[in-house]
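A.B. asks: after the sequence you'll find the predicted model.
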Amino acid sequence: MDKDLKEKTLDELEQIVVGLGQKKYLAGYVFGFIHTKGISEISQITPLSKTLREQLAKDDHFISQLKVVSKLADPDGTVKYLFELPDGNRIETVLLFDDDRRTLCVSTQVGCAMNCAFCATAKVRLRCNLTAAEIVDQVNTVQKDEGRISNVVYMGMGEPLQNYDAVVKSVRILNDPAGKNIGIRHITISTCGIVPAIKKLADEDIHPRLAISLNAPTDALRTKFMPINSKYSIAELIEAAKFYRLKAKQRVTFEYVMIKGVNDTVLHAQVLARLVRGIRCRVNPPHAWRINLIEFNPYPGCEFVASGRERIERFKEILEEVGIKTTVRFKMGQSINAACGQLGAAWEGKDEGRRAKL
Ligand code: SF4
C-alpha cells in the first residue's frame, strides 16, 4: 500500500510531490480531491498539471477504493454497508442518525482476536488489519453516498488499538482541515482495554475521545466474558483511563453492555457506582466520568439475552443517584444486524482464506 495516495497524510503527500520536483502546495489538491471529492483516479485531480499526473501514475501511485457489496437500511434509519477489500475480505460499516448527528461506526480489522463472549465479530477469527486508507475510505464512500458525516466512532469490527498505527494515521487524515476536517472531539476510539496502547495514545499529539468497554464491575466477572481482563485488570485499566484523561484532556466514557442476569443486577450497579465514584483524578471530580449503558443485541446462536428496558432504567437510576452521568444507547439497526456487537455475524465463513492470517 506504499503507493496508495489515500493512505498518505498531507505531510507525506507533500514529500512525494516535492520529490517529483514539483511545488509543495500541489499536494493539497491531491489530499483535498481524495478526501473531499471522493475521486479514485489520479487523472481526476484536474488542478494538477498533466505532467504531474503522469509522473504520479508512472511512479506507480494509485488511489485505492473499497467496493460496496451491499447497502441495507433498517426502518429506524440505520444504514449498514458491506464492503469488500481488494483481497476479497469483507468488513461492515454502520451509519447512525441521531438528531442532527450522522455518526459512522467504522471497522479497523477483519474479525477480532479479543474474543469477548458477547460479540459476533469475535466469532470471525482475526484475518487481517485494515490499512489507514481502508479505514478512511469507509468514511469517504459513505459520505459521498449519504452526505456529510459529523462523527466517527471506531466501534465496528476489530479492536482499534490492536491496529494502532493505521488507526492513529486514519484519525490524522480524517481530522486534517485540508480534507474531511472532522473535529477531534467528534472522533471516538473504543477499546476493550489494551492498557499500554491507551498510554501510548495519550502521548500522541492528537487525542480523540476514548470509550472503554468495561461491561463488569469486578475482575472475577469481567474475566469470564472478556479474556483481555486476565492480562490487564480493572485497576490497571482505570489507571490508564486516568492517565489518558490527564494527558489528553479528552473525554473518557465507560461502555457497559447490559446482559440479562450476567451483569445487570442492582448489586452490579451498586458495585459499579462505587468503582467509578472512587476514581480520583486531578482534572476531574468523580462525577465527570461517564457511563454509557448499551442495550445488548443478541445475534444468531448467541447464548446471552438482553436486559429488559425496565432493568436498564433501574441500573441507570442507581448510577445517577450517586451523581454519575449515565446515558443509554438502545438498539438500532437490529433488523439488518447492524446493532452494536452484531457485525460480521451474517457473512462469516463465506470468504475464508483469501488473505494471509496475521
Ligand atoms: S467487543 Fe470489540 S474487542 Fe471484543 S471481540 Fe468484539 S470487536 Fe473485538
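C.D. replies: It's in.
A.B. asks: can you map out the strands along this structure?
C.D. replies: 67-73, 79-84, 90-98, 101-105, 109-110, 128-129, 151-154, 187-191, 209-213, 252-258, 290-295, 326-329 (DSSP state E).
A.B. asks: what would those look like in a markdown table with distance to the ligand, mean neighbour count and mean pLDDT?
C.D. replies: (Glycine included, C-beta is placed from N, CA and C.) Below are those laid out as a markdown table (distance: least, CB to the nearest ligand atom, whole Å; neighbours: other CB atoms under 10 Å; pLDDT from 0 to 100):
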| stretch | distance to the ligand | mean neighbour count | mean pLDDT |
| --- | --- | --- | --- |
| strand 67-73 | 20 | 14 | 95 |
| strand 79-84 | 16 | 20 | 96 |
| strand 90-98 | 11 | 23 | 94 |
| strand 101-105 | 11 | 19 | 96 |
| strand 109-110 | 8 | 26 | 96 |
| strand 128-129 | 13 | 19 | 96 |
| strand 151-154 | 10 | 22 | 98 |
| strand 187-191 | 7 | 23 | 97 |
| strand 209-213 | 6 | 22 | 96 |
| strand 252-258 | 8 | 23 | 96 |
| strand 290-295 | 11 | 21 | 95 |
| strand 326-329 | 14 | 16 | 94 |
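A.B. asks: now these in CSV, with distance to Gln15?
C.D. replies: Shown next, in CSV, are the strands of the chain (distance: least, CB to CB, whole Å):
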stretch, distance to Gln15
strand 67-73, 29
strand 79-84, 29
strand 90-98, 29
strand 101-105, 29
strand 109-110, 28
strand 128-129, 24
strand 151-154, 26
strand 187-191, 25
strand 209-213, 30
strand 252-258, 35
strand 290-295, 40
strand 326-329, 42
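A.B. asks: for Leu237, find the nearest of the ones you listed.
C.D. replies: strand 209-213 (6.4 Å; CB to CB).
A.B. asks: next one: that closest one to chain centre, how far?
C.D. replies: 10 Å (CA atoms, centre = their mean, to the nearest Å).
A.B. asks: check which helices and strands that strand sits against.
C.D. replies: Applying 3 or more CB pairs under 8 Å, 6 or more residues apart in numbering; DSSP states H and E, one finds that strand 209-213 contacts strand 187-191, helix 195-202, helix 234-248, strand 252-258.
A.B. asks: coming back round to it: how about the strands of the chain, which one is nearest Asp11?
C.D. replies: So among the strands of the chain, strand 187-191 is nearest, using CB to CB, at 19.0 Å.
A.B. asks: return the list of strands paired to that closest one, each annotated with direction.
C.D. replies: strand 151-154 (parallel), strand 209-213 (parallel) (DSSP bridges).
A.B. asks: redo those strands as JSON lines? Include distance to His186.
C.D. replies: Compiled in JSON lines, the strands paired with strand 187-191 are given as follows (distance: least, CB to CB, whole Å):
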{"stretch": "strand 151-154", "distance to His186": "5"}
{"stretch": "strand 209-213", "distance to His186": "8"}
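A.B. asks: and of those, who's closest to Phe118?
C.D. replies: strand 209-213 (10.0 Å).
A.B. asks: contacts for that closest one next, please.
C.D. replies: 116, 153, 155, 185, 187-193, 198, 201, 226, 237, 241, 244, 248, 250-255, 257, 292 (CB atoms under 8 Å, 6 or more residues apart in numbering).
A.B. asks: ignoring the adjacent residues along the chain, who's closest to Val153?
C.D. replies: Leaving aside its sequence neighbours, Val153 sits nearest to Thr188 (CB to CB, 6 or more residues apart in numbering; 4.6 Å).
A.B. asks: quick check, the one you found in contact with Met155.
C.D. replies: Yes. Under the criterion of CB atoms under 8 Å, Thr188 makes contact with Met155 at 7.5 Å.
A.B. asks: near the ligand, which residues of the protein show up?
C.D. replies: With CB under 6 Å from any ligand atom as the criterion, the chain comes near the ligand at residues 112, 114-116, 119, 121-122, 157-159, 192, 213.
A.B. asks: so which of those is the closest to Ser70?
C.D. replies: For the residues of the chain next to the ligand, the nearest to Ser70 is Met157 (15.5 Å; CB to CB).
A.B. asks: tell me the confidence at the residue lying closest to Val17 once chain neighbours are set aside?
C.D. replies: Nearest residue to Val17 in three dimensions, chain neighbours excluded: Ala27, at 4.5 Å (CB to CB, 6+ apart). Looking at Ala27, its pLDDT reads 98.
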